[in-house]
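Engineer: sequence unavailable; structure follows:
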């Protein structure tokens, strides 16, 4: 079995479970930190382990450009490359190439795009994107989809959703033929990667439903909801999650891509989401925005200059255990490298602790209490 | 006793010993990593502890500007400020303000200078520099000296040396009156900081000798040799160290400031030096230059792109234990933060391991063997 998912407890729509991959087990609901170029910016891998990171997300687009898929494959896959012996998930590159709005051209066949690094020309089709993901060798890989822009008209969104469905089929067909080509296939005794499908459908509930139903017909071991948190108001995000998730099978993991704030991720779990990733904790940290049990802290603020307290008195991370706000403020104000590292460690700890707390509450059957303690997410924009 | 130094073993001129400060014990010979702004750039304090860093150097000039002496004093001193409960040494700011050649003016009274940050005007006298060092509260502080520029004529060097001697006396007089003002004086049961004198004398052996003799007459608990590694050829550095060190008392620690390469520091120990600091391991690391038992490694080099080996097969640091050259090359080529952190950890490990090996050899009486295995230092420029 290359992939197995089991649910251990439920509390309303929320679920606590775990899944198993060739590189280990992941307890859900899970937050996956983003390690774009095979590194969570500024944080050594042993620190990620100490933090209890179970699974990382890497970006196929970025690794495809640097150091290149063939290089990572030759070095044994991305886990060995980055010396991270736990599960990894790669996106398909779809979201990134669609973000290059001036540098890409979409056809039925795929997407022609130019590198943001040097302007060189490249092409991703469902087949070549999956080939790249197989070469990288993440445990979970994502179908190549079109992330519909926002806002978009109904017809345009429907056409885009239809193409994503065709691309999902092509992704799966390519994967089934080539799945024994993962760099570690032999040494992991014939285990393979696992390909998830992605639901699109823009901001139209009926398209979300249709996309969910027809993606499920293609039969993937897990399903993602993509194309959200792309600029729409937060209540609309919830509406779209809700419209899609009710048509995703209970027995398979559900991955909401690219979300959210610490409050939002709790509410998404309440909606039945099992997996999430987001650059917010890491990117915000590098800009001095820290998440705490008492709200947001902008560490460069002069009022912290003489503050001997920790970032968050309720946090047990190693940054809060050791360093004062005054010191962290000094590091940030002085543009010191260590500011980025320590801020990132804290924010990741905050997200991961939140998820552990949520999971435990689901297991104990008092998730409602945790949920009621979290501000309504549409009020929670930083 | 606020400071005590004992020698435990000798091997020719080399010595193995230890000294005791209010924040703990340091085994010598010791290499002190540079933590300019109360941080070794990119390396968390717990990692410094794991590396076996015994004592750090902080720069008074930089901390005086940010976050300011009064702030650090109010927060309990620099050890508490940076959450580092081991010894710290501060320079006097002299070297830094003399580096601001266009922004400073020297008189008998002291040095007027402009901040490199905002151009604001400041003044360091021996008294105000020592006051700053007392406010910061490092365990070992340095007299305010003039670091003579290189090259300099004999007369100019002599005059400069004479002023450094007058400033040394003023530094000591101020310190004796104010030494109970260290931020932690009361909580450390009346222990005080320790003030070291600094030998100058440019590139003239007789001035080096005279500076050493007359600084020793002022009676400090330890002596530094300053004003070297300022652009002179390396054999001249050795000649100047030799000219000064023979006139420094056996029973007190000798600190050679701002040196050197991994090979050089071994040779300086052979000359009788007990303490050294240098930005080289940390700064070179940030530029991708790594020190190894097999020589220098420029990690960005394309020949490492597929190299699965560690930076240094003989190194037991946690970077060499975990990461490949290929990965470190990728991080560096991609301008990733983690490159700077991991490279710095390795280079510091290399310096600290070198010093531990040297110390053990002195204790065991086979230092000559270690020394003979190290390339002649004048051939060792990277």
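Structural biologist: Noted; the coordinates are in hand. Fair warning: this is a prediction, and the values are worked out from it, not measured in the lab.
Engineer: for residue A:96, give me its contacts.
Structural biologist: The neighbours of residue A:96, taking CB atoms under 8 Å, 6 or more residues apart in numbering or on different chains as the test, are A:59, A:60, A:61, A:62. C-beta here means a position set from N, CA and C on the backbone, and glycine is covered the same way.
Engineer: tell me how far residue A:214 lies from chain B.
Structural biologist: From residue A:214 across to chain B, the span is 38 Å (CB to the nearest CB, to the nearest Å).
Engineer: who in chain A is up against chain B?
Structural biologist: Selection of chain A residues close to chain B by CB under 8 Å from any CB of the partner chain yields A:37-46, A:66-67, A:71, A:74-75, A:81-83, A:305-306, A:308, A:318, A:322-324, A:326-327, A:330-331, A:333-334, A:336-338, A:340-342.
Engineer: mind redoing it with 6 Å?
Structural biologist: By CB under 6 Å from any CB of the partner chain, the residues of chain A that approach chain B are A:37, A:39, A:41-42, A:66-67, A:75, A:81, A:83, A:322-323, A:326-327, A:330, A:334, A:336-338, A:340.
Engineer: so which pair among the contacts of residue A:96 is furthest apart in space?
Structural biologist: Using CB to CB, the pair of these lying farthest apart is A:60 and A:62, separated by 7.5 Å.
Engineer: could you count how many residues lie near residue A:152?
Structural biologist: A total of 17 residues lie near residue A:152 under the criterion other CB atoms under 10 Å in any protein chain shown.
Engineer: thinking again about what came up before, the more surrounded of residue A:60 and residue A:62?
Structural biologist: Set residue A:60 next to residue A:62 and count neighbours by other CB under 10 Å: residue A:60 wins out with 28 against 18.
Engineer: separation between that one and residue B:56?
Structural biologist: Residue A:60 sits 42 Å away from residue B:56, taking CB to CB, to the nearest Å as the criterion.
Engineer: ok, the residue of the stretch 251-382 of chain A found nearest chain B to residue A:240 distance?
Structural biologist: Closest residue of the stretch 251-382 of chain A to chain B, CB to the nearest CB: residue A:337 (3.9 Å). Going from residue A:337 to residue A:240 by CB to CB gives 39 Å.
Engineer: just give me how far stretch A:291-301 sits from the chain centre.
Structural biologist: Remark: stretch A:291-301 is offset 23 Å from the chain centroid, using CA atoms, centre = their mean, to the nearest Å.
Engineer: to clarify, my last question referred to stretch A:187-194.
Structural biologist: Mean-position distance between stretch A:187-194 and its chain equals 22 Å (CA atoms, centre = their mean).
Engineer: stretch A:184-204 now?
Structural biologist: The mean C-alpha position of stretch A:184-204 is separated from the chain mean by 14 Å, CA atoms, centre = their mean.
Engineer: could you do stretch A:183-201 as well?
Structural biologist: So, by CA atoms, centre = their mean, the centroid of stretch A:183-201 is 16 Å from its chain's centroid.
Engineer: before we move on, the earlier item: can you tell me which of the contacts of residue A:96 lies closest to chain B?
Structural biologist: In terms of CB to the nearest CB, no member of the contacts of residue A:96 lies closer to chain B than residue A:62, at 8.4 Å.
Engineer: how about that closest one, what does it touch?
Structural biologist: Contacts for residue A:62 were tallied using CB atoms under 6 Å, 6 or more residues apart in numbering or on different chains; they are A:36, A:37.
Engineer: likewise residue A:35?
Structural biologist: The contact partners of residue A:35, taken as CB under 6 Å, 6+ apart, are A:56, A:58.
Engineer: same question, the one 3 residues further on
Structural biologist: The neighbours of residue A:38, taking CB under 6 Å, 6+ apart as the test, are A:58, A:78, A:82.
Engineer: just residue A:228 next, same as before
Structural biologist: Residues near residue A:228 by CB under 6 Å, 6+ apart: A:237, A:240.
Engineer: just the residues of chain A next to chain B: which are in strands?
Structural biologist: Among these, DSSP state E puts none in strands.
Engineer: comparing residue A:337 and residue A:240, which residue is more hemmed in?
Structural biologist: Using other CB under 10 Å, the more surrounded residue of residue A:337 and residue A:240 is residue A:240, with 26 against 19.
Engineer: quick one: that one is in a helix?
Structural biologist: Yes - per DSSP: H, G, I helix; E, B strand; the rest coil, residue A:240 lies within a helix segment.
Engineer: show me what counts as buried in the lengthiest helix in chain A.
Structural biologist: For chain A, the longest helix by residue count, based on DSSP state H, is helix A:337-364. By 16 or more other CB atoms under 10 Å in any protein chain shown, the buried positions in helix A:337-364 come out as A:337-355, A:358-359, A:361-362.
Engineer: now stretch A:52-60
Structural biologist: So, applying 16+ other CB under 10 Å, buried residues of stretch A:52-60: A:53, A:54, A:55, A:56, A:57, A:58, A:59, A:60.
Engineer: tell me the contacts of the first one?
Structural biologist: By CB under 6 Å, 6+ apart, residue A:53 lies in contact with residue A:33.
Engineer: leaving out chain neighbours, which residue sits closest to the residue of chain A positioned farthest from its centre?
Structural biologist: In terms of distance from the mean C-alpha position of chain A, residue A:306 ranks first, at 36.6 Å (CA atoms, centre = their mean). Distances taken as CB to CB, 6 or more residues apart in numbering or on different chains put residue A:326 closest to residue A:306, at 5.6 Å, once the chain neighbours are dropped.
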